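build me a structure from this.
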Amino acid sequence: MTTTTAATATAWPVDPTERRRHALDQVERIRETLEAGVSESQRLGWLAPESVQALRDAGIMGIMTPDDLGGNEVDPVTAFEIIEAMGRIDPSLAWATAILLEGAGQLATHLSPEQAAKVFGEKLPLAAASLAPGSAQKTNGGYVVNGRWDFTSGIHHANYVAATFWTDAEDGRTERRMALIPAGQIEIQDAWHVLGMKATGSTAFEVNSVFVPDEMIFDPMGTPRRSDTPLARLGMTPYVLQMHPGMVLGAARRALDEIIALAPAKRRGSRINIGASKSLAESSWFQRELGELDAQLRAARALAIEANKRVRDSLADGSGIDLELLDLMQTACSFAGKTAQQVITRAFRNTGAQAIIEDSVLSRLLRDINTILAHGVLGEIGFELHGEFTLGLQTLQNRRMV
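Numbers count the residues shown, from 1 in each chain. Got it, this is the predicted structure:
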């Protein structure tokens with residue numbers, strides 16, 4: 001099937017099984033380009049232009065956007081697998097891609113159909129967002145937005161930036177809103193100098209007295225304005241939770257790839273008796289550790305897949321995301337993050353001196369995973385939330401958003 005909007009990048013099959021296969025094939029088709037862009041992305045502090053263009057041309061950036069707006073919408077399991085495959089190439093690549101395609105999908109479902117048609121008219125719009133609330137003043141027909149917003153992943157590639165602010169509702173409550181601003185009306189700051197995840201470009205931006213009309217204001221936590229596609233019915237938090245485990249599990253699998261390739265030739269013996277030392281591949285202690293790490297990684301992946309299959313089935317039968325499923329998704333995220341950290345750390349340590357070189361794959365993965373775990377979605381707070389749920393202390397109303 002080929003959709004007819006100007007934003008369409010590729011022709012994707014209609015059948016879900018064929019679409020999944022096609023989507024994963026697209027990642028493999030552009031793999032060399034994405035791998036070649038990793039070093040340049042690290043140097044720039046954001047994704048290499050060639051990588052972003054390849055993702056656009058392959059249709060990957062549209063996997064959470066409905067087909068009628070030029071997207072190539074896939075189910076939650078396939079979305080997870082796509083981000084997992086990119087995480088195996090580079091966690092920063094997977095993170096920035098996930099944020100940008102999530103942003104596009106959010107615009108498609110939260111804007112009015114008329115406004116979405118305008119925004120998606122020429123090509124698939126990429127959107128970056130910051131949830132840290134800034135300032136906006138209500139005025140006739142919209143808001144005047146001012147302030148600085150931090151941690152805006154993917155902003156260098158975005159066509160629009162969503163700036164969060166608080167506003168007073170008619171009933172007196174304070175409500176969260178997002179103002180959708182064309183990228184040309186914001187000023188990107190040079191504020192992303194970090195230990196890891198350098199290529200996400202998660203820097204700050206400033207807005208100075210920009211008028212944003214009401215039709216470009218939406219509630220990110222509210223009910224989407226269209227609900228005719230499965231992903232439109234997810235809601236913001238599950239929207240994020242479905243894919244984030246993939247990026248860290250892909251990174252952990254890459255770490256095992258690296259140590260497995262090295263093991264036949266790598267020797268970690270005594271300096272006095274180095275000639276008699278076995279290779280890692282021949283050492284029973286390493287075989288045992290490798291077997292355990294692989295099992296842990298498979299277990300974390302199985303939990304993430306289980307969660308996403310249940311999401312897929314719940315959306316298909318119209319039952320939506322209940323508290324139990326939301327808890328499962330968050331627990332899968334935290335378990336994926338903790339497992340990935342363990343796997344990458346052990347692979348790094350077993351590699352020895354070769355791993356400490358600044359531009360080595362394992363050195364980058366070690367920095368990246370520890371940086372990622374500073375983010376609440378993949379951090380250990382998810383286990384605390386799971387404990388609260390298990391003890392019967394939670395409701396959908398009192399559950400915290402990490």
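
secondary structure element holding Ser319?
According to DSSP states H and E, Ser319 maps onto no helix or strand at all.

what residues go with each domain of the protein?
16-119, 127-218, 234-390 (automatic domain parsing).

quick one: the shortest one to chain centroid distance?
This points to domain 127-218. 19 Å (CA atoms, centre = their mean, to the nearest Å).

any low-confidence regions in the stretch 201-350 of the chain?
269-276 (pLDDT under 70).

strands of that one, residue ranges please.
Assigned by DSSP state E, counting those that start in this stretch, the stretch 201-350 of the chain shows strands spanning 203-213, 217-218.

who does the last one pair up with?
Sheet neighbours of strand 217-218, with direction, are listed as strand 174-182 (antiparallel) (DSSP bridges).

now do the strand it pairs with: everything it contacts.
Counting contacts by CB atoms under 8 Å, 6 or more residues apart in numbering, the residues outside strand 174-182 that touch it are 107, 111, 119, 127, 129, 133, 136, 143, 145, 159-169, 207, 210, 212, 216-221. For glycine as for every other residue, the C-beta is placed from the backbone atoms N, C-alpha and C.

who are the packing partners of the next helix or strand after that strand?
Sequence order places strand 187-188 as the next helix or strand after strand 174-182, per DSSP H and E. The elements that strand 187-188 packs onto, with contact taken as 3 or more CB pairs under 8 Å, 6 or more residues apart in numbering; DSSP states H and E, are strand 203-213.

then the strand it packs on to CSV, C-alphas only?
Extracted as CSV, the C-alpha positions of strand 203-213 are listed here (Å, rounded to 0.1, in the frame of the first residue of the first chain):
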residue,chain,number,x,y,z
THR,A,203,20.2,20.6,25.0
ALA,A,204,18.2,23.7,26.0
PHE,A,205,16.2,26.2,24.0
GLU,A,206,14.9,29.7,24.6
VAL,A,207,11.8,31.4,23.5
ASN,A,208,11.4,35.2,23.5
SER,A,209,7.8,36.5,23.3
VAL,A,210,6.6,34.2,20.6
PHE,A,211,2.9,34.2,19.9
VAL,A,212,1.4,30.6,19.6
PRO,A,213,-2.2,30.4,18.4
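
list the neighbouring strands of that strand plus their orientation.
strand 142-152 (antiparallel), strand 187-188 (antiparallel).

need those strands in a markdown table with distance to Arg268, mean neighbour count and mean pLDDT, can you?
Below are those laid out as a markdown table (distance: least, CB to CB, whole Å; neighbours: other CB atoms under 10 Å; pLDDT from 0 to 100):
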| stretch | distance to Arg268 | mean neighbour count | mean pLDDT |
| --- | --- | --- | --- |
| strand 142-152 | 39 | 19 | 96 |
| strand 187-188 | 45 | 14 | 98 |
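
to Asn72, which of the ones you listed lies closest?
strand 142-152 (24.9 Å; CB to CB).

distance to Arg400 for the domains of the chain - can I get that in TSV?
Below are the domains of the chain laid out as TSV (distance: least, CB to CB, whole Å):
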stretch	distance to Arg400
domain 16-119	21
domain 127-218	14
domain 234-390	7
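
thinking again about what came up before, comparing the strands of the stretch 201-350 of the chain, which comes out most buried?
The highest average neighbour count among those, using mean count of other CB atoms under 10 Å, belongs to strand 217-218 at a mean of 22.

still on that earlier bit, what subset of the contacts of strand 174-182 is buried?
107, 111, 119, 127, 129, 133, 136, 143, 145, 159-165, 167, 207, 210, 212, 216-218, 220 (16 or more other CB atoms under 10 Å).
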